[in-house]
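S.K.: The following comprises the amino acid sequence and a computationally predicted model.
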Amino acid sequence: MDNPFNDVFNHPNDKINSYGFWTSVVNQMLLTGNAYVAIRRKKGIPVELEEIPYANVQVILGDNNGDLTYQVSYNDERNSEVIRSDDILHFRIFVTGNSLYQYVGTSPLQALINELSFQSLSSRLSVNTLKNFIAPSLAISVPEAKISKETKESIREGFYDQYSGANQGKPVVLDRSATIDALPTIDAKTAEYLNNVDWTRAQVSKVFGIPENYLNGQGDQQSSLDQSTSMFISSFNRYIKPFVSELEQKFKVPVKADLDPIVDPTGSKYADMIAKFASGKAPVLSGEQVIALLQRKGVIDDDFEK
């Protein structure tokens, strides 16, 4: 991307570095389906970028399917304002295309709403069971007796004191007027189902289309390194494309995404590829050309020849 657009991309504003800024933008897009970045210009030249929280933006479609505008509110002393589409970067993923959501994105996490509710129920059940593991499973009966609420509480606390703390595991002593009965608990099939509702890693990787082995660091041993790299780029591209497309449309300049720092952070694979062109009986590249290419890529220092 050419200047001045490259400069503002690498230095969005003075409040946060570029890495933190774009990490926040990407996270907002993945979690909500949309990310908004206001473009501040001077004499038509972009000089600053400001991320707008998702909840502070309302997308407005003009009459007769007119242009999009953005009603923006701020969390400081500034008044709300309407920003033209040309002056805001709207990154969106999984646009559905229907009449209601054709101009806004949808987070893939929406597909996990049902799984999330089941997981929340399972977690609460586990916590409550562990916290009160005696009370839900046992009942103390006092036959032929009508006792007050206070007396019931006293009996319950007395039994709990005999079984918990330092007395845990010791025999419980009751008088002949009381009996202990077991209450029904969760059956094995229900417990197994609740335990199998794993929406964390496997489900998230599924809805985002990224193989789970990339998240847990366990690659497929039967796949070659090149195949793994190709699969990763294919999965990752669906989230890079919205950025590239939006930047090109709003800045009116060509934008190229460089994924090498992600798939080849040390530059070793690039160096191996270049070395193949400089080896053999009929090398395509000379030694000087190899050095120049590696220096241009940042694999070796510029003063290497010296």
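M.R.: Yep, it's here.
S.K.: CA only for contacts and neighbour counts going forward, please
M.R.: Noted.
S.K.: Report the secondary structure state of the nearest residue to residue 278 once chain neighbours are set aside.
M.R.: Residue nearest to residue 278 in three dimensions, not counting chain neighbours: residue 285, with 4.7 Å by CA to CA, 6 or more residues apart in numbering. Taken by DSSP: H, G, I helix; E, B strand; the rest coil, the conformation at residue 285 corresponds to coil.
S.K.: just the strands in the stretch 151-300 of the chain please.
M.R.: Assigned by DSSP state E, counting those that start in this stretch, the stretch 151-300 of the chain shows strands spanning 179-182.
S.K.: Check which element follows the helix or strand that contains residue 8 along the chain.
M.R.: Using DSSP states H and E, residue 8 sits in helix 5-10. Counting by DSSP H and E, the next helix or strand C-terminal to helix 5-10 is helix 18-32.
S.K.: quick one: that following helix to chain centroid distance?
M.R.: 10 Å (CA atoms, centre = their mean, to the nearest Å).
S.K.: can you start the count at 846 instead of 1 from here on
M.R.: Shifting the count to begin at 846 puts that one at helix 863-877.
S.K.: so what does the following helix or strand past it touch, helix or strand wise?
M.R.: Under the assignment DSSP H and E, the closest C-terminal helix or strand after helix 863-877 is strand 879-887. Contacts defined by 3 or more CA pairs under 8 Å, 6 or more residues apart in numbering; DSSP states H and E place strand 879-887 against helix 863-877, strand 890-897, strand 933-937.
S.K.: what do you get if the cut-off is 10 Å, keeping everything else the same?
M.R.: helix 863-877, strand 890-897, strand 913-917, strand 926-929, strand 933-937 (3 or more CA pairs under 10 Å, 6 or more residues apart in numbering; DSSP states H and E).
S.K.: and these as JSON lines, adding mean neighbour count and mean pLDDT?
M.R.: Converted to JSON lines, those look like this (neighbours: other CA atoms under 10 Å; pLDDT from 0 to 100):
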{"stretch": "helix 863-877", "mean neighbour count": "17", "mean pLDDT": "92"}
{"stretch": "strand 890-897", "mean neighbour count": "18", "mean pLDDT": "93"}
{"stretch": "strand 913-917", "mean neighbour count": "18", "mean pLDDT": "92"}
{"stretch": "strand 926-929", "mean neighbour count": "14", "mean pLDDT": "93"}
{"stretch": "strand 933-937", "mean neighbour count": "23", "mean pLDDT": "94"}
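S.K.: All set now, cheers.
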